[in-house]
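1. next one to model:
(chains A and B)
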Amino acid sequence: MKTMMGLINLNNEHDFLNELTYFRCGAAVPLAGRFRLIDFTLSNMAKSNIQEVAIFTGNKYRSLMDHLGSGADWDLDRRHGGLFILPPDWNDPTDISKGDLRHFHNNLDYFERGKSDYVLISGSQFVSNTVYQDLFDYHIETGADVTLLTTTYDLLPEHHACVKVRVDENNWVTCLSNDTKNRHVFTNVYVMRKSLLLELVQDCIANYKTHFFSDGVKANLDHLKVNAYHYDGYSAIINSVESYYRQNMALLETESYKQLFSEGAPVLTKIGNQPPTKYRGTSKVNQSLIATGCVIDGTVENSILFRGVEVRDGAVVKNSIIMQRCTIEQGVHLENVILDKDVHITENQALKGAKEKPFVIAKRKTI
Amino acid sequence: MKKECVTMLLAGGAGTRLGKLTKNLAKPAVPFGGRYRIIDFPLSNCLNSRMFTVGVVTQYSPLVLNKHVGVGKPWDLDRMNDGLTVLSPFTGFNGGNWYLGTADALTKNQAFIESYDPDYVLVLSGDHIYHMDYEKMLAQHKQNNADVTISVLEVPWKETSRFGILNTTDDMKIYEFEEKPTNAKSNLASMGIYIFNWKLLKEYLEMDRNSTDSDHDFGKNILPALLHDGHKLYAYPFKGYWKDVGTVESYWEAHMDLLEEDLELFLHNNEWRTYSHDSNFAPQLIEANADVHQSLINNGCIVGGKLDRSILFEDVHVAENSYVKQSIIHPGVRIGAHVHLERVIVQENVVIPDNTTYIAQADEEPIVISPDFFEQATSS
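-> Residues are numbered from 1 along each chain as shown, chains lettered A, B, ... in the order given. Modelled structure (predicted):
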């Protein structure tokens, strides 16, 4: 049977979420009430019969490691394969590689030992709930060297930074660019033969290249057969605070929520063991996404509460994202605010951000 | 490998008084508290009180229970040398048969207990809701130099006739058992939690095995025999919430208890967590026209209607313009639009059609809507 091994390459994802990435890498940022960014791609891989997944982490990976643990919550604690978290550990004194190629060069044994002939590569910024099996079947069927997972968006600012794709009538990729008007977007998910990947890696290193996808795939478009597999399901790109806020808020619409969560298998994440959320007599909650373990006395409107948040009597939380274990005391008024974990807002405080630019408060602050 | 104490969790009971709730599953597997099954409470107590050698005795309808318990992972009981072992009835060289009573369940699993060469055996039942530190009870047992320690709860005097009552001296030494007495001398009720010195218990199990007129039951046979022979039996007073969810009415009541302010810390207690499985549903979505008060809601729920004093397990949908009051909704239930439920228990994956009303009056037993409820209604 033809199978894939997984690679989540975080090496090129910089700290793209301001205060939220002060203490953690982007992949470890919490979203949608109980998940972290990486959960989506990791769950998709786990559901695609991928038995081993490696993660190339750049920096600030402590929170990521704490979240992933042994991979048990994704069913990746395996005798055969499993989860490999690979921080920057440069062990080869003769190493001349640069950029994300250093990660490839120093972890070649992951690919060499893996029993699969194909590698699925992904970042963490593409949020979807799917299986990559169809993409893989398509890749085999077309005989392509590389198949890119692409989708179409009504363009938003977050799509500016994405690679855009132009294809011919058979979906063969003719051009990869940063064309700001092209709606056909590359999701940073792609699949190729392992032997080709190793070949391209060696080639890039020998030529002092720094970026595996740009220098290995994009630059070789003229002699590689690159195809595009179009994904039609619900998805989002999160690569800035604005897109983070917008895409979280989008999930308050029942339709979007059902598309991302209710269809197909659940998105896997670290299990938290919280009790059901308690709504007390005075609670008034509308149009909100609420995780477990919360205790709500106050008003919550058009907002997201992560696990274990307390909203006391008379407090109002509007258009906001409140992360794990925050406490909102009596009489507080919050609007267009993102509170990172463990923030304590004391009585009668009022905080308001702009609708387009929410006010972000870093972890463990008391205000 | 020697372990000081082996825990035997009796989870084989049918719980027939729960009616439809236990039609296809054992009582310890009945859903409770918005995300748990009843057995999660004693199993979480085991983890929180560091009792890591646990035998779970199963017999009646064990499929759901076995799947839920698995290798004990949610309770950290998937361990290298001990952990959780499911003990189902078995056949052997001399044939075999079902467990005939609570004591017989231990008699037939002597080999399991002996393999840990324990000093003490803690016997629990899998059908009560409470938080208890068994380690403290064991410490008390050792301090009293007791042969048996029985955990007891002070019940209201007017309810003593419903319980097995223990009469004790001032130092909590037991001198008499009274089963459901009309004129009780004490209000200390047995909670069905026992610690035995294993060597002594083994002798009594051996005698009980050969006795033809015995019910092979701890309460009826073993404990009275031990007391009669002058062994040291002590009561261990328990303070806190304890509920036997034996009937549909008490099952419903226990849920309403969870919504009371003074019991809130029971589930939201970070020092004494209750652990269970998690099916990884997304957070609950409370829609624009929803109105939610005094309720507990789990992951995966989508609420468009009005909830008052109700409990929603995972993956329940309540459509707009519906009103759910004082009801318990098990996982996967779909409640249509313009539905009115009051004092109702809806079982797993039932679909309640639009425009339906089910109300149990305050003096009636809560209505249980099971998967075959609508078939029965249409065929009759």
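
2. how much space between B:Y275 and A:L64?
-> Distance check for B:Y275 against A:L64: by Cβ to Cβ, to the nearest Å, it reads 24 Å. For every residue, glycine as well, the C-beta is placed using N, CA and C.

3. likewise for A:Y153?
-> 27 Å.

4. next: A:K225.
-> On the measure of Cβ to Cβ, A:K225 and A:L64 end up 35 Å apart.

5. the more surrounded of those two?
-> A:L64 (23 against 13; other Cβ atoms under 10 Å in any protein chain shown).

6. residue contacts, A:H230?
-> By Cβ atoms under 8 Å, 6 or more residues apart in numbering or on different chains, A:H230 lies in contact with A:T150, A:T151, A:T152, A:N171.

7. would you mind giving the secondary structure of A:E158?
-> In three-state terms, and counting by DSSP: H, G, I helix; E, B strand; the rest coil, A:E158 is helix.

8. state the number of residues packed around it.
-> Summarising burial for A:E158: neighbours were counted as other Cβ under 10 Å, giving 21.

9. next: A:N188.
-> Other residues lying near A:N188 total 22 when counted by other Cβ under 10 Å.

10. what does B:M1 give?
-> Other residues near B:M1 come to 9 when the count uses other Cβ under 10 Å.

11. just checking, it touches B:N81?
-> Yes: taking contacts as Cβ atoms under 8 Å, B:M1 lies within contact range of B:N81: 5.3 Å.

12. grab the nearest non-local neighbour of B:V86.
-> Using Cβ to Cβ, 6 or more residues apart in numbering or on different chains and skipping the chain neighbours, the partner closest in space to B:V86 is B:V56 (5.2 Å).

13. can you list the low-confidence ranges for chain A?
-> Low-confidence segments of chain A, defined by pLDDT under 70, are located at A:263-264.

14. care to break it down by domain?
-> Taking automatic domain parsing as the domain assignment, the ranges for chain A are A:4-262, A:278-361.

15. which residues of chain A lie near chain B?
-> Listed as neighbours of chain B in chain A under the rule Cβ under 8 Å from any Cβ of the partner chain: A:32-34, A:252, A:254, A:257-258, A:260-262, A:266-269, A:271-273, A:275-293, A:295, A:300, A:304-305.

16. narrow those to those in helices?
-> With DSSP state H as the criterion, helices contain A:T254, A:Y257 from among the residues of chain A next to chain B.

17. buried members of the residues of chain A next to chain B into ChimeraX, please.
-> Burial among the residues of chain A next to chain B is assessed by 16 or more other Cβ atoms under 10 Å in any protein chain shown; the matching ChimeraX selection reads:
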select /A:32,33,34,252,257,258,260,261,262,266,267,268,269,271,273,275,276,277,278,279,280,283,284,285,286,287,288,289,290,291,292,293,295,300,304,305
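
18. tell me where chain B has helices.
-> Taking DSSP H, the helices of chain B run over residues B:40-48, B:63-69, B:102-107, B:110-114, B:134-143, B:198-210, B:223-228, B:248-258, B:373-379.

19. so what touches the fifth one?
-> Defining contact as Cβ under 8 Å, 6+ apart, one finds that helix B:134-143 is touched by B:5, B:7, B:45-46, B:49-51, B:120, B:122, B:124, B:149, B:151, B:193, B:195, B:234, B:236.

20. mark which of these are buried, thanks.
-> B:5, B:7, B:45-46, B:49, B:51, B:120, B:122, B:124, B:149, B:151, B:193, B:195, B:234, B:236.

21. now for those residues: which two are most distant?
-> Between all members of those, the longest pairwise span (Cβ to Cβ) is found for B:C46 and B:Y234 and amounts to 21.6 Å.

22. show me what from chain B comes close to chain A.
-> Counting by Cβ under 8 Å from any Cβ, chain B comes close to chain A at B:33-35, B:74, B:261, B:264, B:267-268, B:273-276, B:278-300, B:302, B:307, B:311-313.

23. what is the nearest of the contacts of A:H230 to chain B?
-> Sorting the contacts of A:H230 by how near they are to chain B, with Cβ to the nearest Cβ, puts A:T151 at the top with 21.0 Å.
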